[in-house]
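# Fold the following and give me the result.
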Amino acid sequence: MADRSLRGIRLGAQSLQSEEGVVFMERKEQTYVCGACGRETTLVFAADAEAPETWECRTCGGEALLKLDKGTVEVDHSGEKAARTHWDMLLERRSIEELEELLAERLAFIRDRRGAGQDPTRVKSA
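Prediction:
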């Protein structure tokens, strides 16, 4: 340690370890092609790792497909279900007729309140 003194070195800024005698893991490169913008992205994986079929494009955020010798992989999206929206969940609890009736009641209530001068949202001018 005497030959590698810490004097004058910013701690954490530089490593005192060398790569001498280190055996690196075997690696393989996989290329992904974005369907939206056509950009090709090359990523490095461990040789024994299974590369995912899709990757998010770094440029546009679209879905990039794994490039094979004969083209790109075919991804089956038929099993995926769409995210439920607030409107979808509302329609599970009420019918359109019930929603129209509730809307009419609320509009009548608001119109009555405004006609009586009780609207808290209206700013009174001095």
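
# Can you name the element that comes right after the helix or strand bottoming out on mean pLDDT in the chain?
Lowest by mean pLDDT, DSSP states H and E among the helices and strands of the chain is strand 71-72, with a mean of 80. Stepping forward along the backbone from strand 71-72, the first helix or strand reached (DSSP states H and E) is helix 86-93.

# helices or strands next to that next one in the packing?
In terms of contacts (3 or more Cβ pairs under 8 Å, 6 or more residues apart in numbering; DSSP states H and E), helix 86-93 is packed against no helix or strand at all. Glycine gets a C-beta too; all of them are placed from N, C-alpha and C.

# Which stretches in this protein count as helices?
Counting by DSSP state H, one finds helices in the chain at the ranges 86-93, 96-115.

# orientation of the longest one relative to helix 86-93 in degrees?
I take that to be helix 96-115. Between helix 96-115 and helix 86-93, the angle comes out at 110 degrees (axes from the mean of the first three to the mean of the last three Cα atoms, to 10 degrees).

# Now for Ile110: which residues touch it?
Under the criterion of Cβ atoms under 8 Å, 6 or more residues apart in numbering, Ile110 has no neighbours.

# closest to Ser18 out of the helices of the chain?
For the helices of the chain, proximity to Ser18 was assessed by Cβ to Cβ; helix 86-93 is nearest, at 57.9 Å.

# Model confidence score at the closest residue to Lys28 other than its chain neighbours, please.
Ranked by Cβ to Cβ, 6 or more residues apart in numbering and with sequence neighbours excluded, the top spatial neighbour of Lys28 is Ala47, at 5.1 Å. Ala47 is assigned a pLDDT of 92 by the prediction.

# Test my guess that Ala47 contacts Glu29.
No. Distance between Ala47 and Glu29: 10.4 Å, which falls outside the contact criterion (Cβ atoms under 8 Å).

# Cool, thanks, signing off.
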